[in-house]
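Colleague: no sequence for this one, just the structure:
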């Protein structure tokens with residue numbers, strides 16, 4: 001297995017670094033112990049805990065099983081590739097490791113200087129400092145999850161900011177609804193492209209069929 005592929009297999013999807021003391025959930029996905037424990041502790045309100053990777057639900061606190069084999073492989077890789085430690089947040093769209101300069105809450109992706117330019121031209125794309133965990137982003141003032149986007153101040157806020165904070169009375173949009181809107185927009189575009197390709201293929205088929213008959 002190539003070094004880059006192996007690194008992907010040994011990368012925690014929460015912190016995006018090589019596993020440190022990896023543990024595995026019953027669904028089969030692994031994370032650094034501190035990363036998944038922080039994610040579990042950060043969950044607020046009722047409802048089941050979910051795997052950050054596949055969203056599998058767990059009743060009560062999920063069991064964390066130490067993955068010794070994965071830990072040994074990660075340690076071996078870390079010692080033989082010291083230059084690849086703590087790479088930080090990488091661009092989602094680049095094939096090679098390129099540091100991200102922003103994270104888009106709407107697309108749930110991180111972007112380098114090149115790819116962030118297109119996002120900057122659209123007001124609906126909510127950009128913030130690079131982060132590996134969007135689910136657990138919290139308001140620095142109220143310590144609550146950022147769930148809304150203030151259209152007047154172009155920033156992400158929590159429910160307390162909307163109700164009693166400095167953004168009270170401002171026009172808000174739900175980040176969840178913005179993501180759904182973006183997904184539906186992309187789906188419509190994909191459908192139109194598919195229909196155009198279908199018509200093009202039909203036209204080509206008729207053209208070649210006509211030539212064959214002639």
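Modeller: Yes, it's here. Every value quoted in this text rests on a predicted model; they were computed, and no experiment measured them.
Colleague: Enumerate the beta-bridge partners assigned to residue 18.
Modeller: residue 11 (DSSP bridges).
Colleague: Would you confirm that it contacts residue 76?
Modeller: No. Residue 18 is beyond contact range of residue 76, at 10.5 Å (criterion: C-beta atoms under 8 Å). (C-beta placed from N, C-alpha, C; glycine too.)
Colleague: pLDDT score for residue 23?
Modeller: What the model reports as pLDDT for residue 23 is 95.
Colleague: One more: residue 105?
Modeller: 69.
Colleague: Please, where are all the helices along the protein?
Modeller: In the chain, the helices defined using DSSP state H lie at 3-9, 33-42, 68-80, 113-120, 159-163, 175-213.
Colleague: which stretch in those is the model least sure about?
Modeller: helix 175-213 (a mean of 54).
Colleague: Quick check: residue 97 vs residue 91, distance?
Modeller: 8 Å (C-beta to C-beta, to the nearest Å).
Colleague: neighbour count winner among those two?
Modeller: residue 91 (22 against 13; other C-beta atoms under 10 Å).
Colleague: Would you check how far apart the more buried one and residue 17 are?
Modeller: 16 Å.
Colleague: same question, residue 127
Modeller: 23 Å.
Colleague: Same question for residue 25.
Modeller: 19 Å.
Colleague: tell me the domain ranges of the protein?
Modeller: Following automatic domain parsing, one gets these domains for the chain: 3-84, 88-132.
Colleague: Including distance to residue 148, could these go into JSON lines?
Modeller: JSON lines is the format used below for the domains of the chain (distance: least, C-beta to C-beta, whole Å):
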{"stretch": "domain 3-84", "distance to residue 148": "15"}
{"stretch": "domain 88-132", "distance to residue 148": "10"}
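Colleague: Residue 173 is nearest to which of the ones you listed?
Modeller: With C-beta to C-beta as the criterion, residue 173 lies closest to domain 88-132 of those, at 8.7 Å.
Colleague: neighbours of the closest residue to residue 20 other than its chain neighbours, just the number please.
Modeller: Excluding the flanking residues, the one nearest residue 20 by C-beta to C-beta, 6 or more residues apart in numbering is residue 32, at 4.7 Å. Number of residues near residue 32 (other C-beta under 10 Å) recorded here: 20.
Colleague: ok, what's across the strand from residue 32?
Modeller: Counting by DSSP bridges, the residues bridging with residue 32 are residue 22.
Colleague: what about it, distance to residue 145?
Modeller: For residue 32 relative to residue 145 (C-beta to C-beta), the value is 21 Å.
Colleague: do the same with residue 79
Modeller: On the measure of C-beta to C-beta, residue 79 and residue 145 end up 37 Å apart.
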